[in-house]
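**Q** can't give you the sequence, but here's the structure:
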């Protein structure tokens with residue numbers, strides 16, 4: 001036990017004594033190792049990084065209509081906002097608050113619907129009516145490493161590798177290949193929301209700048225359609241309900257009115273009390289049907305107004321633009337980082353070997 005402690009103290013003492021001149025001396029003594037390893041690392045890094053396709057990124061920002069309430073205003077609302085808390089979202093009666101909109105990308109059906117987006121490219125001549133699914137499966141560029149891994153995976157897997165048509169895909173029963181495509185979409189598209197302002201930002205990434213813009217615009221439109229459909233679903237049902245009741249009451253009123261007119265024309269010169277009594281009954285029934293029709297018509301118009309009130313309005317704060325410069329990969333920075341890391345790994349190995357030699 002004493003010998004181990006003494007060796008540990010010697011190693012710590014030697015480590016403290018190693019200075020910059022010692023580093024330089026060790027590097028010079030092993031310079032041949034650096035001359036061999038560093039060029040190999042450089043060549044490997046270049047082969048890997050320059051095989052990676054370039055990609056572009058763009059974004060678009062939306063500001064949805066927010067209803068102001070008494071609790072969210074004033075000092076209390078400002079204080080809550082400073083802590084990143086939106087009282088409007090907390091007191092919302094909606095089951096899906098704006099904070100949950102980014103989670104839509106976790107739903108397979110929503111993501112599979114995005115594969116139907118029609119895309120066009122600047123750098124590649126795509127056939128007309130090419131959707132995002134076809135682009136990902138047939139035209140997306142892959143690095144040689146990705147192709148090799150995919151080929152090995154296909155050899156080991158007995159699953160069918162043929163590409164299905166988009167209409168045959170079951171969002172909740174995906175094959176391994178389809179699941180990989182869905183994951184690609186999730187990696188390429190991101191939805192963020194600012195907790196304080198409620199601003200929604202859609203980020204899109206693609207290998208072609210025009211496809212990048214198309215994705216951002218299309219996803220924002222689909223997101224708006226989803227929000228509008230969700231926020232107005234109950235009001236829309238009310239509109240359809242009162243429209244049906246209004247149509248039925250109108251038909252009933254028209255039927256009674258025609259019966260009354262025919263009866264009145266046929267008994268215009270009759271002065272019998274029984275006839276007059278029946279005419280009064282028919283007139284009263286016609287008036288009731290008319291009042292019912294008027295009431296349902298009023299409710300129908302009110303439901304339309306309520307539907308318009310509940311339909312959110314979106315303001316585009318930043319439109320998606322076609323990116324000019326690629327967002328990555330940062331090849332030169334990556335190569336520099338790999339070379340630096342490799343240099344220090346070699347240096348650490350040399351120092352460790354030197355300390356072990358002195359210990360012996």
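**A** Yep, it's here. What you are looking at is a predicted structure, and each value in this text was computed from that prediction instead of being measured.

**Q** Can you report how many residues neighbour residue 234?
**A** If you count neighbours by other C-beta atoms under 10 Å, residue 234 ends up with 12. All C-beta atoms are positioned from the backbone trio N, CA, C, and that covers glycine.

**Q** tell me the domain ranges of the chain?
**A** Using automatic domain parsing, the domain parsing of the chain gives 2-50+335-359, 56-232, 235-310.

**Q** Touching the strand of greatest length in the chain from outside, list them.
**A** Among the segments of the chain that qualify as a strand by DSSP state E, the longest is strand 56-64. Strand 56-64 is contacted by residues 98, 197-209, 212-213, 216-217, 220, 223-224, 227, 312-323, 325-327 when judged by C-beta atoms under 8 Å, 6 or more residues apart in numbering.

**Q** if you set the cut-off to 6 Å instead, what comes out?
**A** Strand 56-64 has contacts (C-beta atoms under 6 Å, 6 or more residues apart in numbering) with 199-205, 209, 212-213, 216, 220, 312, 314-315, 317-320, 323, 326-327.

**Q** Among those residues, which lie within helices?
**A** In helices, judged by DSSP state H, the following of these are found: 209, 212-213, 216, 220.

**Q** would you turn the domains of the chain into a markdown table with mean pLDDT and mean neighbour count?
**A** Shown next, in a markdown table, are the domains of the chain (pLDDT from 0 to 100; neighbours: other C-beta atoms under 10 Å):
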| stretch | mean pLDDT | mean neighbour count |
| --- | --- | --- |
| domain 2-50+335-359 | 75 | 12 |
| domain 56-232 | 81 | 15 |
| domain 235-310 | 88 | 14 |
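
**Q** what sits against residue 290?
**A** residue 253.

**Q** got it, and residue 200?
**A** Taking C-beta under 6 Å, 6+ apart, we find residue 200 in contact with 62, 193.

**Q** try residue 191
**A** With the criterion set at C-beta under 6 Å, 6+ apart, residue 191 makes contact with 102, 202.

**Q** Mind checking what secondary structure it has?
**A** Using DSSP: H, G, I helix; E, B strand; the rest coil, the structure places residue 191 in strand.

**Q** distance of it from residue 209?
**A** 20 Å (C-beta to C-beta, to the nearest Å).

**Q** Tell me which entries of the contacts of strand 56-64 lie within strands.
**A** Residues of the contacts of strand 56-64 located in strands (DSSP E): 200-205, 314-315, 317-318.

**Q** and those, which two are the farthest apart?
**A** 205 and 315 (24.6 Å; C-beta to C-beta).

**Q** Roughly how far does residue 272 sit from residue 46?
**A** Here residue 272 is placed at a distance of 110 Å from residue 46 (C-beta to C-beta).

**Q** I meant residue 213, not that one.
**A** The gap separating residue 213 from residue 46 is 31 Å, by C-beta to C-beta.

**Q** Same check on residue 304?
**A** For residue 304, the distance to residue 46 equals 65 Å [C-beta to C-beta].

**Q** for residue 247, same thing?
**A** Distance from residue 247 to residue 46, by C-beta to C-beta: 73 Å.

**Q** got it, and residue 249?
**A** Counting by C-beta to C-beta, the gap from residue 249 to residue 46 is 78 Å.

**Q** next one: residue 147
**A** The gap separating residue 147 from residue 46 is 18 Å, by C-beta to C-beta.
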